[in-house]
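Build me a model from this:
(2 chains)
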Protein chains: 2
Amino acid sequence: MSPLKGITAPIYFGSFIVTPQVFYTTPLTFALVNLKPILPGHVLVSPRRVVPRVKDLTPAETTDLFLTVRRIGRMIERVYGASSLNIAVQDGVDAGQSVPHVHAHIIPRKKADLDHIGGTDAVYDLLDGDEGDLGRVFSGSSTGEDGEGGNGKGNGNGRRSRFPAVDNEARKPRGEEEMSAEAEMLAREMENEPVD
Amino acid sequence: MSPLKGITAPIYFGSFIVTPQVFYTTPLTFALVNLKPILPGHVLVSPRRVVPRVKDLTPAETTDLFLTVRRIGRMIERVYGASSLNIAVQDGVDAGQSVPHVHAHIIPRKKADLDHIGGTDAVYDLLDGDEGDLGRVFSGSSTGEDGEGGNGKGNGNGRRSRFPAVDNEARKPRGEEEMSAEAEMLAREMENEPVD
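Numbering: from 1, shown residues only, chains lettered A, B, ... in the order given. As a prediction, this is how the structure comes out:
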């Protein structure tokens, strides 16, 4: 079930139905909360059409995607009390993409927020492998502990984890209830966000 | 001097004049080659207007910036024989931004291109501190070895280098001649690139 009014058809992220996690849609774009956020407020923005690469997008889809990234980034920064944002697209499998559906990560940042695990750019280590687990959960299990699926790329593909204490396995996937509650809260916040 | 026809006024990246490195412009956006590319073909795309944050951009600037990112990414992928792209914006100082002027990194990727230093996501370690050196060179020295300037943030700000063999200090800044030659080549390639 969607926290958004008027959403009746399922919304797909790659081959996975993510409707309960979606907090904002336009005719061309949607935004969803994350299964294993790297930091509180880490969200994804994707085109409605399932295509793997930015170059596969039409100009209209590209424009709508990044206007949405800008607007959601502004909301996320306000709601989570952040001072900066990391915005990143892993555009293709050799750039670390695991779910073959264009998506921009938006990660709210605060001063010294990752100093305990190496500093500002430790965010990228945490990004490592994140999507593989998203796929594993959304493919069938609501707890994420016993499902299996996705594109089978998971943590292979030349990835590594250098901070075992905070790596992907140590970050517990969230339950659907927690994600839906966050999606509902963010959906309300988007209603207060200026259009431009 | 610019490799582009019709460019007479200097083009600024933050407080630095980067005209010889610029290979593409629109009325709202420009693209430049990098002083210390992480991988061959690593380029930056910025709005003409010097503002630090994506949220500072108008919708028209945002649209033009990311349509340009898409088009340049497609060209870079073709010219450098890549199969994927990393696209990243460090949007604010607490996200690792050092030059306070919005810029998207485009980094062409190939299968296993960074396996010798840790895998696909080692690209982010290399991104670490890159802009500080850009600033250091463009502020006055053409060799980059003895200049000092930029915004003084350099390699501080919670950054770290975990791969000394390939870190920022080991990557020699390129001379202006080499960068201009690459900018001229990419300017010609952009003439062959479809508009949409």
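
Secondary structure element holding A:P194?
Secondary structure from DSSP states H and E places A:P194 outside every helix and strand.

And the strands in chain A?
Taking DSSP state E, the strands of chain A run over residues A:12-13, A:16-17, A:22-25, A:29-33, A:43-47, A:84-91, A:104-109.

show me what contacts the closest residue to A:S46 other than its chain neighbours?
Excluding its sequence neighbours, the residue lying closest to A:S46 (CB to CB, 6 or more residues apart in numbering or on different chains) is A:H103, at 4.4 Å. Glycine gets a C-beta too; all of them are placed from N, C-alpha and C. The contact partners of A:H103, by CB atoms under 8 Å, 6 or more residues apart in numbering or on different chains, come to A:F13, A:L44, A:V45, A:S46, A:V89.

ok, of those residues, which one's closest to chain B?
Chain B has its nearest neighbour among these in A:V89, at 4.2 Å by CB to the nearest CB.

For that closest one, grab the count of nearby residues.
A:V89 has 27 neighbouring residues, counting by other CB atoms under 10 Å in any protein chain shown.

which one is it nearest to, not counting chain neighbours?
B:I87 (4.2 Å).

Check the gap between the one you found and A:L4 for me.
Taking CB to CB, to the nearest Å as the criterion, B:I87 is separated from A:L4 by 28 Å.

The two - which one has more neighbours?
Set side by side, B:I87 and A:L4 show more neighbours around B:I87, with 21 against 17, by other CB under 10 Å.

Specify the beta-bridge partners of that one.
Taking DSSP bridges as the rule, B:I87 bridges to A:V89, B:I106.

how close does it sit to A:E189?
Where A:E189 is concerned, B:I87 sits at a distance of 26 Å (CB to CB).

same question, A:G175
21 Å.

quick one, phi psi at the nearest residue to A:D113 once chain neighbours are set aside?
Once flanking residues are discounted, A:D113 sits nearest to A:L39: 6.5 Å by CB to CB, 6+ apart. The phi/psi pair for A:L39 (degrees, to the nearest 10) reads phi -140, psi 160.

Per-residue pLDDT of A:L39, please?
pLDDT for A:L39: 92.

That one: neighbouring residues, count only.
17.

coming back round to it: could the contacts of A:H103 go into TSV alongside pLDDT?
TSV is the format used below for these (pLDDT from 0 to 100):
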residue	pLDDT
A:F13	96
A:L44	97
A:V45	98
A:S46	98
A:V89	96
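
count of residues packed around A:G119?
By other CB under 10 Å, 18 other residues sit near A:G119.

about what we covered before: just flag the most distant two among the contacts of A:H103.
Farthest-apart pair in the contacts of A:H103 is A:F13 and A:V89; separation 14.4 Å (CB to CB).

before we move on, back to that, the residue nearest to A:S46 and chain B, how far apart?
To chain B, A:H103 is 11 Å away according to CB to the nearest CB, to the nearest Å.

where in chain A is pLDDT low?
For chain A, applying pLDDT under 70 flags the ranges A:128-171.

show me the biggest helix of it in terms of residues.
helix A:59-79 (DSSP state H).
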